[in-house]
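[1] Fold the following.
(chains A and B)
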Amino acid sequence: MPDVHLPSTLRPLFAGLPRRLDVEAATVGDALAELDRRWPGLRDRLCEPGPSSRLALRRHIHVYVDGERGDLDTAVADRSRLDVIAAISGG
Amino acid sequence: MAQTVLMVGTRKGLFLLESDDRRDWRMRGPFCDGWPIYHAIYDEASGTLFAAAASEWHGAGVWRSSDLGETWEFSGEGLVYDDAGELKINKVASLAAAHGRLYVGAESVGLFESRDGGKTFSVVSTLDGAPGREGWNDPENQPPGHLGLSAIIPDADDAEKLRVIVQGNSIFDTDDGGKTWAPRNVGLRRDWPAPPNPEVGFCVHKLAPSPVDKQRWYQQNHVGTWRSDDGGGTWNEITEGLPSEFGFACAAHPHDRDTFYTVPLDPMHTRTMHEGRASVWRTRDAGSSWQRLGNGLPDHDAHLGVLREGMVADGRDDFGLYFGTSTGQVFASVDEGESWSELAGYLPAISSVRVATIG
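    Down below sits the predicted model:
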């Protein structure tokens, strides 16, 4: 299962959320959907409605799959590492 | 003994200042994980603190604490528009609690409510059909600050009646729970061209209703300080005698309808108090004359700004008046503004100061 690494800023919002966990998923979007099922509301903190109401990552949230920048449609393999990053923003 | 609790919303979280005698103060915080807090209130009916927050990373929502800040929970559930992506929640900027509901004002402009104590929210209105509605969510028309629905004032008696401010546009009233909205700007002036519907297009910064007279309201506007004697139906200018027409924060006396406080600011880019002298201005005759109050405030080299939710009065007989600055100081007076003391000096930039008397 893909190995998901989450930003520390999410932990105060969701009881019991670890920084790192394995999630069954074929894409980044699937992984976040599964996390949202286990911690309702989590996906809303990482995604928002984009053009045509399609869900998109929030402006300052970045994802990397095996070190390459990705988006919600990016495929994740069974041994992938998925990093979700709260990007540097503001002061 | 009654405890006074100041809720200080800052760019880096919520702070609580607490006192049993309003002389010695204790500070706790930052709370809300350091998220920028635009407004924080205490709901007496439920004993809950609510803080409107917007994170650059994780979006907007409301933090709540039912144990005076010991523990906090966050929810943004339902704070979303369902109109095919035209409107987006960029910020929640204003809160009000009344009639068992928690109201939330958002940008893009919209009013939400929670009927379960801040766990979930639903949209009440995006003010469709109100004059100006067609243009105010266009990013090109957004005033600096991007507060959207910047104030919500529920009627104390009628749950269907609300007054709100759409930042940079208008006061609006609804008397049918948000189905229809009517502008309430008669008498105000503007310093810029009128929009197609001249009933709107005003820059109302802060409304201060008198707690003792429902007909008496005060207003600090981008251009002018104003009074209404008919519940906001018409406005009369009371700027004369003040050092400028510009300011954000103001407060009505809790027991005397003719006494009102405002903080005039330089209207240019600085938006700080005039001549580097920290000052609050008071009228005791409903705006016919003004007195500068600065005893105990820094008298020179003090370039302080106060934002629209940055000043508040508690409701006690010997009431306290408090304001917080955009450079992180909190000042208080317990003698109607005659003298002031500094409660905090090194907080992050302050957006909001509210007060509760508990116990």
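
[2] Now the terminal residues of stretch B:36-53, how far apart.
    In stretch B:36-53, first residue to last residue: 6 Å (Cα to Cα, to the nearest Å).

[3] Looking at that stretch now, give me its mean pLDDT.
    Averaging pLDDT along stretch B:36-53 yields 98.

[4] Could you do stretch B:134-143 as well?
    pLDDT averaged over stretch B:134-143 gives 82.

[5] And for stretch A:30-37?
    On average, stretch A:30-37 scores 97.

[6] which residues sit against it?
    For stretch A:30-37, contacts defined as Cβ atoms under 8 Å, 6 or more residues apart in numbering or on different chains pick out A:2, A:4, A:6, A:23-25, A:42-44, A:46-47, A:72, A:76, A:82. Where C-beta positions appear, they are placed from N, C-alpha and C, glycine not excepted.

[7] Distance from it to the middle of the chain?
    Remark: stretch A:30-37 is offset 8 Å from the chain centroid, using Cα atoms, centre = their mean, to the nearest Å.

[8] and what of stretch B:244-261?
    How far stretch B:244-261 lies from its chain's middle: 13 Å, per Cα atoms, centre = their mean.

[9] Can you pull the residues of chain B lying near chain A?
    Contact residues, chain B versus chain A (Cβ under 8 Å from any Cβ of the partner chain): B:33, B:55-59, B:72, B:74-77, B:80, B:84-85, B:88-89.

[10] that older thread, which ones, among the contacts of stretch A:30-37, also lie beside chain B?
    Restricting the contacts of stretch A:30-37 to those touching chain B (Cβ under 8 Å from any Cβ) yields A:44, A:46.

[11] By mean pLDDT, which helix or strand of chain A comes out lowest?
    strand A:47-49 (a mean of 90; mean pLDDT, DSSP states H and E).

[12] Relative to it, what are the paired strands and their orientations?
    For strand A:47-49, the paired strands and their directions (DSSP bridges) are strand A:55-57 (antiparallel).

[13] thinking again about what came up before, so of the residues of chain B next to chain A, which ones are in helices?
    In helices, judged by DSSP state H, none of the residues of chain B next to chain A are found.

[14] Now list the buried members of these.
    For these, a burial check counting by 16 or more other Cβ atoms under 10 Å in any protein chain shown picks out B:33, B:55-59, B:72, B:74-77, B:80, B:88-89.

[15] Which ones among these map onto strands?
    Using DSSP state E, the members of these that fall in strands are B:55, B:59, B:74, B:75.

[16] possible to save the buried ones among the residues of chain B next to chain A as CSV with distance to residue B:18?
    Converted to CSV, these look like this (distance: Cβ to Cβ, whole Å):
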residue, distance to residue B:18
B:33, 21
B:55, 26
B:56, 30
B:57, 30
B:58, 29
B:59, 30
B:72, 16
B:74, 23
B:75, 25
B:76, 28
B:77, 30
B:80, 35
B:88, 37
B:89, 32
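
[17] Would you check which pair of the residues you listed lies furthest apart?
    B:72 and B:88 (25.4 Å; Cβ to Cβ).

[18] Pull the distance from stretch B:16-26 to the chain's centre.
    Computed by Cα atoms, centre = their mean, the chain-centroid distance of stretch B:16-26 equals 22 Å.

[19] So which bits of that stretch are buried?
    B:16, B:17, B:18, B:19, B:22, B:25.

[20] Those residues of chain A touching chain B, which are they?
    Proximity of chain A to chain B is confined to A:7, A:9-10, A:12-13, A:40-41, A:44-46, A:48-54, A:58-61, A:86-87, A:89-90 under the rule Cβ under 8 Å from any Cβ.

[21] switch the cut-off to 10 Å
    A:7-15, A:40-42, A:44-54, A:56, A:58-61, A:85-91 (Cβ under 10 Å from any Cβ of the partner chain).

[22] Select only the buried ones of these in ChimeraX?
    Restricted to buried positions by 16+ other Cβ under 10 Å, the ChimeraX selection for these reads:
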select /A:7,9,10,12,13,14,42,44,45,46,47,48,49,58,61,86
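
[23] Can you tell me which of the residues of chain A next to chain B end up in strands?
    Filtering the residues of chain A next to chain B for strands - DSSP E - leaves A:47, A:48, A:49, A:56, A:61, A:85, A:86.

[24] which residues touch the second one?
    Pointing back at residue A:48 there. By Cβ atoms under 10 Å, 6 or more residues apart in numbering or on different chains, the contact set of residue A:48 is A:55-59, A:61, B:59-60, B:80, B:85, B:88-90.

[25] Would you point out the most distant pair within these?
    Maximum pairwise distance in the contacts of residue A:48, criterion Cβ to Cβ, is 17.8 Å, between A:61 and B:85.

[26] Hmm, residue B:296 and residue B:279 touching each other?
    No: the criterion here is Cβ atoms under 10 Å, and residue B:279 misses it with residue B:296 at 11.3 Å.
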